[in-house]
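Visitor: structure for the following, please:
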Amino acid sequence: MRSPAGKSSAWLVLMEQARRPRGEAKIFGLDIRRDEEKIRDLIGYMPQQFSLYGDLSVNENIDFFADLYSVGKKERETKKAELLEFMDLARFKDRVAGQLSGGMKKKLGLACCLIHKPELIFLDEPTTGVDPISRREFWRILYNLPNLTIFVSTPYMDEAERCNRVGLIRAGKLLVTDTPNAIKEKSNSKTLEEAFIHLIEGKQ
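Guide: Residues are numbered from 1 along each chain as shown. Below you'll find the predicted structure:
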């Protein structure tokens, strides 16, 4: 799913961060161009690279994102306390973000992404560069997030297997989208990796 697949470009278009020369795109039935403000409050985005403020504490980073989305003080404190506890970051709330481990930085990024209670979050290769234990813990957290649509990209096929639906993008085109089991069955493959290789070779 890495460049030149077109995944990053597609995400930037959906979040109205890139020019769209033609066609249309909608999120929850809302046009990304006409309904930009409405969509902004419905989505959250966590980039692949750590993009928070390393010189601010865990608590201050979450507050910063709460300010960006105009989250009220009372609601903010309640939600922040829930997120810190849920992410196992409560005891590190005063630690400078730049001093966190790779896995903890990912958790903080997710907390900042969720502070305004979005209905859809985009996670760009969220576990790349972290150890296997932190990767497993991050997915445990994702599994337990309630009432939320998660749009995630990953180079790890074992992670793709965990998803309800999977899509393969190559050269800007969506080659297939279905459940992991259905994709494997259609290509008579034992693994998603094998199924994707078959699909790519068949399109060449």
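
Visitor: contacts, neighbours, all on C-alpha from now
Guide: Noted.

Visitor: next, the contact list for the residue lying closest to G98 once chain neighbours are set aside, please.
Guide: Nearest-residue entry for G98: G54, 3.9 Å, with adjacent residues in sequence omitted and distances by C-alpha to C-alpha, 6 or more residues apart in numbering. The neighbourhood of G54, defined by C-alpha atoms under 8 Å, 6 or more residues apart in numbering, consists of 96-99.

Visitor: okay, D35: pLDDT?
Guide: Looking at D35, its pLDDT is 87.

Visitor: on that earlier part again, which one of the contacts of G54 sits closest to C163?
Guide: A97 (29.5 Å; C-alpha to C-alpha).

Visitor: the bottom helix or strand of the protein by mean pLDDT?
Guide: Counting by mean pLDDT, DSSP states H and E, the chain has its least confident helix or strand at helix 7-14, which shows a mean of 71.

Visitor: tell me where the model's unsure across this structure.
Guide: When the per-residue scores of the chain are filtered using pLDDT under 70, the ranges that remain are 1-6, 8, 15-22, 203-204.

Visitor: how does it look with 80?
Guide: Low-confidence segments of the chain (pLDDT under 80): 1-24, 171-172, 202-204.

Visitor: helices of that one, start to end?
Guide: Secondary structure of the chain (DSSP state H): helices at 7-14, 36-42, 58-68, 73-86, 102-114, 132-143, 157-160, 180-186, 192-203.

Visitor: okay, the second one in PDB with CA atoms only?
Guide: Backbone C-alpha positions of helix 36-42 (Å, rounded to 0.1, in the frame of the first residue of the first chain) are rendered in PDB as follows:
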ATOM      1  CA  GLU A  36     -16.100  20.900   4.400                       C
ATOM      2  CA  GLU A  37     -16.900  22.400   7.800                       C
ATOM      3  CA  LYS A  38     -19.400  19.700   8.700                       C
ATOM      4  CA  ILE A  39     -17.000  16.900   7.600                       C
ATOM      5  CA  ARG A  40     -14.200  18.500   9.600                       C
ATOM      6  CA  ASP A  41     -16.000  17.800  12.900                       C
ATOM      7  CA  LEU A  42     -16.900  14.200  11.900                       C
END
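
Visitor: many thanks, I have nothing further to ask.
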